[in-house]
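Visitor: When you get a sec, could you give me coordinates for this:
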Amino acid sequence: MRYFLDTEFNGFLGDLISIALVPEDPDAPIFYEAVACNAPNDWVRENVLPVLEKEPVSREEISDRLGVYLATDPEPVLVADWPEDLAHVLCLTVTGPGHRLKTPPLRFELLTDIQFNSAAASRVPHNARHDAIALRQHVLLRER
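Guide: Residues are numbered from 1 along each chain as shown. Below is the predicted model of the structure:
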């Protein structure tokens, strides 16, 4: 199944703040987690943290939960509209020096020709869960 991916992070190439995977199947559960942002830049402090809607947990806990979530699908495809989203989810699969999550084979799709603005389309802009829901809606409507 396809999962529409969005992340929020602390500035250009900054640390992960939140991540969402929204399944193509609207009845399947959404993965949404957040990690504490100890030194947010001004933009993140004003636009991301107020709409987080999730208590932060440790990065290790997010990795564990991601592994459990992905284990239920034998062929997950993660779809993103921004390269850093893919980088952040891949970094979560690295759990330590020489160690990684046990996952099914993962495939990735980076949308490159997309007319999508998550801030304009999302019910709650700069919230990874709502932005990923908006991305799913946009892609599925475009495919019709």
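Visitor: hey, let's count contacts and neighbours off CA atoms from now on
Guide: Noted.
Visitor: distance between the lengthiest helix in the chain and the chain's centre?
Guide: Identified as the longest helix of the chain according to DSSP state H is helix 128-143. With CA atoms, centre = their mean, to the nearest Å as the basis, helix 128-143 stands 12 Å off its chain's centre.
Visitor: Identify the residues contacting that helix?
Guide: With contact meaning CA atoms under 8 Å, 6 or more residues apart in numbering, helix 128-143 is reached by 4-8, 18-22, 24, 30, 32, 116, 118-119, 121-125.
Visitor: Select from those every entry located in helices.
Guide: Short answer: the contacts of helix 128-143 in helices (DSSP H) are 118-119, 121.
Visitor: Can I have the buried ones of these as a PyMOL selection?
Guide: Command for PyMOL that selects the buried part of the ones in helices among the contacts of helix 128-143, burial taken from 16 or more other CA atoms under 10 Å:
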select buried, resi 118+121
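Visitor: would JSON lines of the ones in helices among the contacts of helix 128-143 with distance to G14 be doable?
Guide: Shown next, in JSON lines, are those (distance: CA to CA, whole Å):
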{"residue": "S118", "distance to G14": "19"}
{"residue": "A119", "distance to G14": "19"}
{"residue": "A121", "distance to G14": "24"}
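Visitor: can you tell me which of the ones in helices among the contacts of helix 128-143 lies nearest to D81?
Guide: Comparing the ones in helices among the contacts of helix 128-143 against D81 with CA to CA places S118 closest, at 9.5 Å.
Visitor: Please report the number of neighbouring residues for the closest residue to that closest one other than its chain neighbours.
Guide: With sequence-adjacent residues excluded and distances taken as CA to CA, 6 or more residues apart in numbering, S118 is closest to D131, at 5.5 Å. Neighbour count for D131, taken as other CA atoms under 10 Å: 27.
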